[in-house]
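In: Structure of the sequence below:
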Amino acid sequence: MVGHAGVALSAPVDVEYRPPRGRERLPFEVLDRAGILSRKSEDAFLLRQRSGFHQLVVCRRGRGVHHVDFERVDFQVGTVLRIHPGQVQRFVPEPRFEARMLVWPTSSHRVAPDAPTWYPGSDVATVWQVDAALRKRLLGWIDELEDAQSGFVVSANHRALLQSMLTTFLLRLEIELPSPAPRSTGLPAAYLAYRRVIEEHLYRRPSVAELASRIGYSTRTLDRSCQAVSGQTARQVLDARLVLEIRRLLTQTDRAAARIGAELGFDDPSNFSRFVRRHLDMTPSQVRRSL
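Out: Residues are numbered from 1 along each chain as shown. Predicted structure coming up:
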């Protein structure tokens, strides 16, 4: 499943989706958390990773901890965690807990019609605590996927079957475990357009006025819609998204802070440092060393 680039312990790692050899066309992979941890040293897994695929983790036994986008997730029996592509995670090997994991690439993902276009442009960890009956159903559905995976042969029909099974599983998941992320339905059109255009132009460090012009709304309208949804101004929404990306890049890559600032549209390293200090009360170097 995982391939590591830049394994040196001084640098966080990227994790990309790599099915086992001979199964490159699998639309998903079922794994046990213990099996994943056995593939690398504990030090390697303590590094932050930014995955390019979807993950679902269902705790079966024990207690433990996982980190997603700088938020601690405490696991116990029945904890279900959903990790989205682009989010930064960190495994915590001890204390150990047993969990089933399902991973699938973005090319296999079914996008819900009312899913927010900006997610995961948020530091909210998607986590639930389910009862014994639902945990049993979830694990049973994952077992069905694993059975289909074990019998996989490279053929268009078989891959289509597995893709259909994954889509069915994701539909079941949406029915049983509604996402805590806000749905597009019922949100102001101006807010939806604004969040979308932020994602499209984030690396240019746009102004609110520039984004408002691109989507045909006044800055006042954007302020009202953002206040109605989040209690923040349009500027605060934009800055919060930029701060999240800065934290991800500083902690997940070993690129120089000045380079990251330049990539995000800061014309001067000192301006970048001041922005980080103002919003996180830390220097870029301190953010990099933080959990």
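In: Flag the shaky bits of the protein, pLDDT-wise.
Out: Within the chain, the stretches with pLDDT under 70 are 1-24, 40-46, 120-125, 180-182, 291.
In: ok, which stretches of it are helices?
Out: 33-37, 42-45, 132-150, 156-176, 189-201, 208-215, 219-230, 234-252, 257-263, 269-280, 284-289 (DSSP state H).
In: What are the buried residues along the first one?
Out: In other words, helix 33-37. Using 16 or more other C-beta atoms under 10 Å as the test for burial, helix 33-37 gives 33, 36. (C-beta placed from N, C-alpha, C; glycine too.)
In: name the helices or strands packed onto that helix?
Out: Counting contacts by 3 or more C-beta pairs under 8 Å, 6 or more residues apart in numbering; DSSP states H and E, helix 33-37 packs against strand 97-105.
In: Quick one: closest of the helices of the chain to residue 77.
Out: Relative to residue 77, the nearest member of the helices of the chain by C-beta to C-beta is helix 132-150, separated by 7.4 Å.
In: what's the angle from the closest one to helix 156-176?
Out: 170 degrees (axes from the mean of the first three to the mean of the last three C-alpha atoms, to 10 degrees).
In: Just give the closest residue to residue 230, not the sequence neighbours.
Out: The spatially closest residue to residue 230, leaving aside those adjacent along the chain, is residue 237, at 6.2 Å (C-beta to C-beta, 6 or more residues apart in numbering).
In: circling back to that earlier point, of all the helices of the chain, which lies closest to residue 103?
Out: Using C-beta to C-beta, the nearest of the helices of the chain to residue 103 is helix 33-37, at 9.5 Å.
In: For the closest one, C-alpha coordinates in PDB please.
Out: Output of helix 33-37 as PDB, limited to C-alpha atoms (Å, rounded to 0.1, in the frame of the first residue of the first chain):
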ATOM      1  CA  ARG A  33      -3.000  -1.700  11.100                       C
ATOM      2  CA  ALA A  34      -0.500  -4.100  12.700                       C
ATOM      3  CA  GLY A  35       0.600  -5.200   9.200                       C
ATOM      4  CA  ILE A  36       1.200  -1.600   8.200                       C
ATOM      5  CA  LEU A  37       3.300  -0.900  11.300                       C
END
